[in-house]
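Trainee: Okay, predicted coordinates and the sequence, questions at the end:
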Amino acid sequence: MEHSLYLILLFPLAGFLINGLLLGRLNKKLISLIGCGSVGLAFLWGLKTFFNLLAVPETERIFNEVLFTWIPSGIFKVDFGLMFDPLSAVMVLVVSGVGFLIHVYSVGYMHDDPGYGRYFTYLNLFVFSMLTLVLADNYLLMFVGWEGVGLCSYLLIGFWFEKQSASDAGKKAFIVNRIGDFGFLLGLFIIFWQVGSLDFAVVFKQAPLVFAAGGTLITAATLLLFVGATGKSAQIPLYVWLPDAMEGPTPVSALIHAATMVTAGVYMIARSNVLYMMAPTTLAVVAIVGCATALMAATIALTQNDIKRVLAYSTVSQLGYMFVACGVAAFAAGIFHLMTHAFFKALLFLGAGSVIHALAGQQDMRFMGGLKRPMKTTFITFLFATLAIAGIPGLSGFFSKDEILWKSFSSDYGSPVIWAIALFTALLTAFYMFRLIFLTFYGEPRMDEHAKHHLHESPKMMTVPLVILAVLSIVGGWVGIPHVLGGGNHFEKFLEPVMGKMTTGATGGHALTSAGHDTATELVFMIGSVLLILAAIYAAYYLYLKNITVVGRIRQRLSGLYKVLYNKYYIDEIYGAIIVRPLINGSLFLWKIIDVMLIDGIANGVAALIGYISSDVRGMQTGNMRTYVTVFLGGAIILMGYFILR
Amino acid sequence: MLEYAIISAIKIVVIIAAVLTGCAYSTWLERKLVGRFQHRYGPMYAGPFGLLQPVADAVKLIFKEDLVPDKAERVTYALAPIISFIPALLSFAVIPFGDTFEIFGRTIDPVISDLNIGILFIFAVTSLGVYGIVLAGWSSGSKYSLLGGIRSSAQMISYEIAYGLSIIGVLLIAQTLSMKELVAQQASILDWFIFRQPVGFVIFVNCAVAETNRAPFDLPEAESELVAGYHTEYSSMRFAMFFIGEYANMIAAGCVVTTLFLGGWQGPFLPPVIWFVIKVALFMCFYIWLRATLPRFRYDQLMNFGWKVLFPLALVNTMVTAWIKLY
Amino acid sequence: MLEVIIFYISALIAIGGAVMMIAQRNPVASVLYLILSLVAQAVLYIQLEALFVGALLIIVYAGAILVLFLFVIMLLNLRGEKFGYDQGKVGVATKLIFSLVLIFELAAVVHTVSRSTNLARTSEHLNPGFGSVPPVAELLYTKYLLPFELTSILLLVAIIGAVLMARRDRADKEKEMT
Amino acid sequence: MIPITHYLILSAMLFAIGVTGVIISRNLIIMFMSIEVMLNAANLAIIAFSRSLNLMDGHVFVFLVMAVAAAEAAVGLAIIINLFRNRESINADTFSLMKR
């Protein structure tokens, strides 16, 4: 059956090529039309393919399409093959759908930027790479997309490259990602070495035969893949680039550093669930790292004053959540949270962008406040997103987060400790998100008079995507209402062809569907967590709106802790001290001593020696080409003579 | 074996005689027609309607003094007219003049040799013709001649490309290179390639005129600027050889056009050979008509026309034909 | 018998033409001798049943490449420049000896190869249509498609290169004028 | 039937003549033509083998060699013209810039 999957890739690629090649020769209207239109078309085609997918029976829900053989080299053969299965479908729709909205939003946000055409070119390239990543049917092509999004991320973080901090942040993101990619590649090598192929289908089929479950090799391979995921998805220890990435334009933060690219790691692990299920050790590591990241990032977010940074740490924290889900083998829950998170976090960023736009670039929350009235649409949509991320029942975030919480407790791989930390993080999340809301939209305006005068609601181009995303943030979770609340959990069922077998079968554990456990326990947990979250929101209300002075007192009382948190646990400084500094010193040593003195010395010495010798031999070089030809002929004659007479 | 050799020899002699006579009377036809175009009578005095004029011309040319310029490269100078004359004659070797017929109990095929690459042979041989002109221009030791020679070499190389490309369409349809088979595929008038390949035909005619250095493409011998171009310094029989070579080339081009596009010797009522002659003669009249009507190109116009009009057109024609042929 | 005569005559003309070509001081005469040699080679091609390639040899070499040579010679008007051969007779003699040795060595190689392998044994039966256009075309568009396309790219590059080199001078001149 | 070795020897001789032309001539154009002679010598050998093995592949090679020769001639002559424009000469010995 022909589904023309390649069209999904072709549209953004075409947009990228047109905008890229005609850079600066088109007017803004045309650029935005091409930029948005290409992604929109990709989304529509993805939607069409998605319905095609729904139309076929569950067991056949996978469309394969091999465009051409990419690398034919002996036994190593890689196709440029695309695969569209439920997991890819979710990712494609999220990437192109949210991407499209953000493109539209960017039309308004970037309107006066001189690099308008360049911006859309990068953005389209990004969407193309990300779609390649999620549509690939083998690890290597996935890696191409993986690197492609990394490149775009670098380009877009450093979009305002004339700003030192922006280009530094871009480089930081790139280098940190490279470290992760290195791990990823090593993981791929192990897989190829053992399985002899990188095709998903082959690898997942062969893996149980080739690897011993829980053995060293599979653990190493999955751990290395996870290293790649920590780089891309900003987990401990490689999360440091994401907060800095906020130097890029806000829609970029929304698209790349909240909704899509950073979730690539989660996607990759969910895609490789077969492998991970065979390596319990790795799963434990994933869960622990996810947990730690979620908690740490949430605590940092408590103290930050930059609105985008709070959101950035929130993203890191939520990504940690997703990894917790993966770590407890609830891959579907992870992907579910990935999807809902894409909606509300994109919305949060876009809303923040709208606020920044209105305040002419002001990002510090200490100089905001009282924006509720002048920016009604932004405020309402932002509020919904916040409610969603905090986990208020009925909104999307509630269902996905609750799913993860419940799984982390109930799953074979879960434990009460993980559950407790996850829950605590959820409280922190609610707290700092409402802190953000109260500081930004409530209270007295704290900006200067000039800025106050210019306050305005953003143009329609920007608010319409906000509204759409707000609607998605509310209803997006309804596809996965758990059984305990009378829903069908359609989402998990939909993903079952990809993950279902695993969550139940491989390790011999019993079914992990929600109905499998005690319903009453689950309900109690749910209600309990909701109540705790409401309490956290009240705390935020009390501290940041009703009784502001208390905050100062707490800050003084816990000044040590506050300082640590405010400075993000000094992680950047620690990395600087233990990695960057020695590296620079070592490099300096290599440069000044080894390179300049030793290597250059040898090279120059040899050159000088040869120059000395050749000054006499040089006479042989007459510069007459016929002489050269004659000598060449003589050599040929002698060689031929040798072979004839031999 | 011997019989074959004798028959071939007879054929060669007959065809050479016919071609030479044709050349001679082409000059008569040209003078007569151009005269009429210009409201004159043309040659009138030698014989009825001036029919003996070519003979008179020949006698005159033979008795003229044979001059060799001082600065000429003698060997090349002497060789050039022959080189320009021989290839023109050679190309008649593969042209079928008529259907097979029987005489003295033997079946005769009125073609000297039916190569299976006949059309390629013609291209190979005519491409040698340029040397005569180029060498004449170079060896005369005169500026006018040299310029004529350079012009003609550039012109011929340029038009050779479109020339070759224009027949590809025909060959694509016919799937053969043999002249006889090409004729055989144009049995009814609607099958003539002029109707199946109109664009190819137009390009081919244009290039044929250019390749034979005839007006309006007669830049190599443009009187108004180069006196007489490459044959400025020639006189007597050497000049006559150039002349015969030019007309032989024209007739050869006429024969090729007839064979490729106009159905060859095929036609109703009259014997095949007569039809062939009629078609070639009509083509000669067309040549003369062009000469009498059109002014000469400027050199850059000529090059532009060849490279920017004919060449792309021929390419497009080839591609369209191939596409139609495939689907 | 006849074909033996044709072979030896053509071979003589081919070699003689080539020798005369390098012996001439006048480049135009060289070109003419080369054409002579090529025509003789074309005859040999036809004797080897390679009709199409033989015709191609004439069309491509005589019809295009050597006209180009002549054109360049005339364009540069090299009539005046005469060339000696080398730095003294010894040099020429050495080089000629080199060439002779080369001939003998190549002959030895041919001899050895034809002796030790049956590679050089001529097959008496030829496939029908050998040497005509269709089989060449079929090979070109199937087995040798890639080389064929690469060659066409090469030609394109050569055209562009040649045009560029010819143009540059004009651009310089314009620069000088302004 | 003429033995194939005859053609091969002829080809070898033509090749050697081409080589000789390159090494003893001073005229760039003649050197160039000598290269064409060498290419044609190779072509002749290829055609001879092709006939002997009853394989058409050799004809394809010759075809490609001719195409390459045409490309080479175009570029080479353009180079010669440029050299002449700069030096007013096509004597190979005048171009010895590689000498220090």
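Mentor: Perfect, thanks for sending it.

Trainee: which stretches of chain B form strands?
Mentor: Assigned by DSSP state E, the strands in chain B fall at B:101-103, B:106-108.

Trainee: which helices and strands does the last one pack with?
Mentor: Counting contacts by 3 or more Cβ pairs under 8 Å, 6 or more residues apart in numbering or on different chains; DSSP states H and E, strand B:106-108 is packed against helix B:2-37, strand B:101-103. The C-beta positions use only the backbone N, C-alpha and C, and glycine is treated the same way.

Trainee: Would you pull up how far the strand or helix carrying residue D:13 lies from the middle of the chain?
Mentor: Take DSSP states H and E as the rule and residue D:13 turns out to sit in helix D:4-24. Helix D:4-24 has its C-alpha centroid displaced from the chain centroid by 11 Å (Cα atoms, centre = their mean, to the nearest Å).

Trainee: close to chain C, is that helix?
Mentor: Yes - judged by Cβ under 8 Å from any Cβ of the partner chain, helix D:4-24 and chain C are in contact via D:4-10, D:12-21, D:23-24.

Trainee: quick one: buried residues of the longest helix anywhere in chain D?
Mentor: Counting residues, the longest helix found in chain D (DSSP state H) is helix D:57-87. For helix D:57-87, the buried set under the neighbour-count rule, 16 or more other Cβ atoms under 10 Å in any protein chain shown, comprises D:57-78, D:80-81, D:83-84.

Trainee: what sits against the closest residue to residue B:294 other than its chain neighbours?
Mentor: Spatial nearest neighbour of residue B:294, excluding adjacent residues (Cβ to Cβ, 6 or more residues apart in numbering or on different chains): residue B:216 at 4.2 Å. Listed by Cβ atoms under 8 Å, 6 or more residues apart in numbering or on different chains, the contact partners of residue B:216 are B:209, B:290-291, B:294-297.

Trainee: please redo it, this time with the cut-off set to 6 Å
Mentor: B:294, B:296-297 (Cβ atoms under 6 Å, 6 or more residues apart in numbering or on different chains).

Trainee: Surely residue A:111 is in a helix?
Mentor: No - using DSSP: H, G, I helix; E, B strand; the rest coil, the assignment for residue A:111 is coil, not a helix.

Trainee: Quick check: the gap between the closest residue to it other than its chain neighbours and residue B:88.
Mentor: Closest residue in space to residue A:111, ignoring its immediate chain neighbours: residue A:28 at 7.5 Å, by Cβ to Cβ, 6+ apart. Distance, residue A:28 to residue B:88, using Cβ to Cβ, to the nearest Å: 66 Å.

Trainee: Counting neighbours, go ahead and name the busier of these two.
Mentor: A count of neighbours by other Cβ atoms under 10 Å in any protein chain shown puts residue B:88 above the other of residue A:28 and residue B:88, at 26 against 15.

Trainee: Tell me the spacing between the more buried one and residue A:286.
Mentor: Counting by Cβ to Cβ, the gap from residue B:88 to residue A:286 is 87 Å.

Trainee: Would you mind listing what in chain C touches chain A?
Mentor: C:98, C:101-102, C:105, C:108 (Cβ under 6 Å from any Cβ of the partner chain).

Trainee: Looking at those residues, state which has the most neighbours.
Mentor: So for the residues of chain C next to chain A (other Cβ under 10 Å), the most neighbours sit at residue C:102, 23 neighbours.
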